[in-house]
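Visitor: heads up, no residue letters with this:
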């Protein structure tokens, strides 16, 4: 895509009344902005010490784009499978700052999943399958990707953290050992109880209009007749034996209590669930280092956690 004319960022629509057609138009324009240099003042510039490229993985019945971040090294490295936030809008390219620095500083190969976005014809179960199927593919073809299949972690933000948490659960069920999971401002409950948390009431409309966005997210994520509990980590029956988790929670976030409760449930099940709160930080703060002063501190904590886990 030519950068001669910087793409303009579209105004945020009213998510309470947006039509499917309007959502697709907004998504295309917003993702074009997020993937451009024009977004760098918000999302940060990538590290010059990591190579970045788009690739495709061949999954059952589909080919899926992934964004690959690799340090300038020929060594076989640990693997971090990342899932971007957004749900019905978003792209792996919006996380170039986070993932390129992770690749360079760990060092590791970071593969960010360009999962199917939520839409009337694409529920959350599709995106969850994309996360899990990509992880399996990378582990099975580790040599082709230059990664060590015994040193693997998952990492996601918001909806991506939900997908990463579900991936960690499926990994345990299928005997695939993960070294760690990092869940940043996770949405962890898309059932009828999704909105029954104090943080939802407190931050429904401040510092942003979160409630209409979350209501649309839920409608798209779980169509009529679908099992909401199957895609809600908080409602997973058995959370024992999962990879150690770092749950990062910005306190000015409508879904802050989702993360707090999920970390608590992990600990109740005997799984290591470290909760780290960032007072005053907002939802998606890790993706916005240009305007969120605590993004760098959170990045440092995440890399320290992953570095220790992947060294074992």
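Guide: Cool, got the structure. Fair warning: this is a prediction, and the values are worked out from it, not measured in the lab.
Visitor: okay, helices next: where are they in the chain?
Guide: Per DSSP state H, the chain carries helices over the ranges 20-34, 40-43, 96-105, 124-140, 142-145, 159-173, 198-202, 210-221, 256-268, 295-310.
Visitor: out of those, which gets nearest to residue 86?
Guide: Residue 86 lies closest to helix 159-173 among those, at 6.1 Å (CB to CB). The way it works is simple: take the backbone N, C-alpha and C, and place the C-beta from them, glycine included.
Visitor: kindly reformat the helices of the chain as CSV containing mean pLDDT and mean neighbour count.
Guide: What follows is those, written out as CSV (pLDDT from 0 to 100; neighbours: other CB atoms under 10 Å):
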stretch, mean pLDDT, mean neighbour count
helix 20-34, 98, 16
helix 40-43, 98, 17
helix 96-105, 98, 25
helix 124-140, 98, 21
helix 142-145, 97, 14
helix 159-173, 98, 26
helix 198-202, 98, 15
helix 210-221, 98, 20
helix 256-268, 98, 21
helix 295-310, 98, 18
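Visitor: these two touch, right, residue 158 and residue 284?
Guide: Yes: using CB atoms under 8 Å, residue 158 is in contact with residue 284, at 6.2 Å.
Visitor: could you dump the helices of the chain to a markdown table with distance to residue 74?
Guide: A markdown table is the format used below for these (distance: least, CB to CB, whole Å):
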| stretch | distance to residue 74 |
| --- | --- |
| helix 20-34 | 31 |
| helix 40-43 | 29 |
| helix 96-105 | 14 |
| helix 124-140 | 18 |
| helix 142-145 | 13 |
| helix 159-173 | 28 |
| helix 198-202 | 46 |
| helix 210-221 | 41 |
| helix 256-268 | 37 |
| helix 295-310 | 18 |
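Visitor: so which of the ones you listed gets nearest residue 55?
Guide: helix 142-145 (9.0 Å).
Visitor: pull up the distance across stretch 166-181, start to finish.
Guide: Taking CA to CA, to the nearest Å, stretch 166-181 runs 10 Å from one end to the other.
Visitor: next: stretch 221-228.
Guide: Start and end residues of stretch 221-228 are separated by 8 Å (CA to CA).
Visitor: try stretch 74-89
Guide: End-to-end distance (CA to CA), stretch 74-89: 34 Å.
Visitor: for stretch 198-206, same thing?
Guide: Note: stretch 198-206 ends 13 Å apart using CA to CA.
Visitor: distance from it to the middle of the chain?
Guide: 22 Å (CA atoms, centre = their mean, to the nearest Å).
Visitor: distance check, the closest residue to residue 90 other than its chain neighbours against residue 146.
Guide: Closest residue in space to residue 90, ignoring its immediate chain neighbours: residue 84 at 5.1 Å, by CB to CB, 6 or more residues apart in numbering. Remark: distance between residue 84 and residue 146 (CB to CB, to the nearest Å) = 22 Å.
Visitor: which one's more surrounded, the two?
Guide: residue 84 (26 against 14; other CB atoms under 10 Å).
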